[in-house]
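Colleague: Take this sequence and fold it.
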Amino acid sequence: MATLSDTAANAAANAVTRLLDGGDLYIFDDAGKPLAELRYATPAFRPAVGGVARANPLVGDNSAVAGIATKLRAYSRPAVLVFTGTVGTSNADLILNSTSIEATATVDVTSHTYRQPKA
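Modeller: Numbers count the residues shown, from 1 in each chain. Okay, here's the model as predicted:
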């Protein structure tokens, strides 16, 4: 099995995350119910370091639906799925202050990363 160098992992992560410039991030519960939609900035992510790209601030959603956030789907424009990930308060691709989302509450992101697998 091939293993990517940091340089290759950075290039791959940057290529993937560049697809999200101006795209959308959807947050879901375990059952797949959409809870919130956020907008990526342009550029969506900072350049990767060690195969990890960190998102620039996202535009929050103040029309959320109540539920417990567990999953994310990241889409380019127009609506092409780029990657899926996890949502949590730590050790997740998308970090929120709380995974308990209230109806019409503003959803603010603490941090969001894309990690390019090296193997």
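
Colleague: tell me the phi and psi of residue 102?
Modeller: Taking degrees, to the nearest 10, you get phi -100, psi 150 for the backbone angles of residue 102.

Colleague: and it, what does it touch?
Modeller: Each residue near residue 102 by CB atoms under 8 Å, 6 or more residues apart in numbering is listed here: 64, 66. Placement of C-beta: from N, CA and C, glycine included.

Colleague: what do you get if the cut-off is 6 Å, keeping everything else the same?
Modeller: residue 66 (CB atoms under 6 Å, 6 or more residues apart in numbering).

Colleague: Kindly report the same for residue 46.
Modeller: The contact partners of residue 46, by CB under 6 Å, 6+ apart, come to residue 54.

Colleague: Now do it against residue 35, distance only.
Modeller: 26 Å (CB to CB, to the nearest Å).

Colleague: wait, residue 84 sits on residue 73?
Modeller: Yes - under the criterion of CB atoms under 6 Å, residue 84 makes contact with residue 73 at 5.3 Å.

Colleague: More neighbours: which of the two?
Modeller: More crowded of residue 84 and residue 73, by other CB atoms under 10 Å: residue 73, with 16 against 12.

Colleague: Wait, a strand at that one?
Modeller: Yes - Residue 73 sits within a strand when classified using DSSP: H, G, I helix; E, B strand; the rest coil.

Colleague: the helices in this protein, which residues?
Modeller: Counting by DSSP state H, the chain has helices at residues 6-18.
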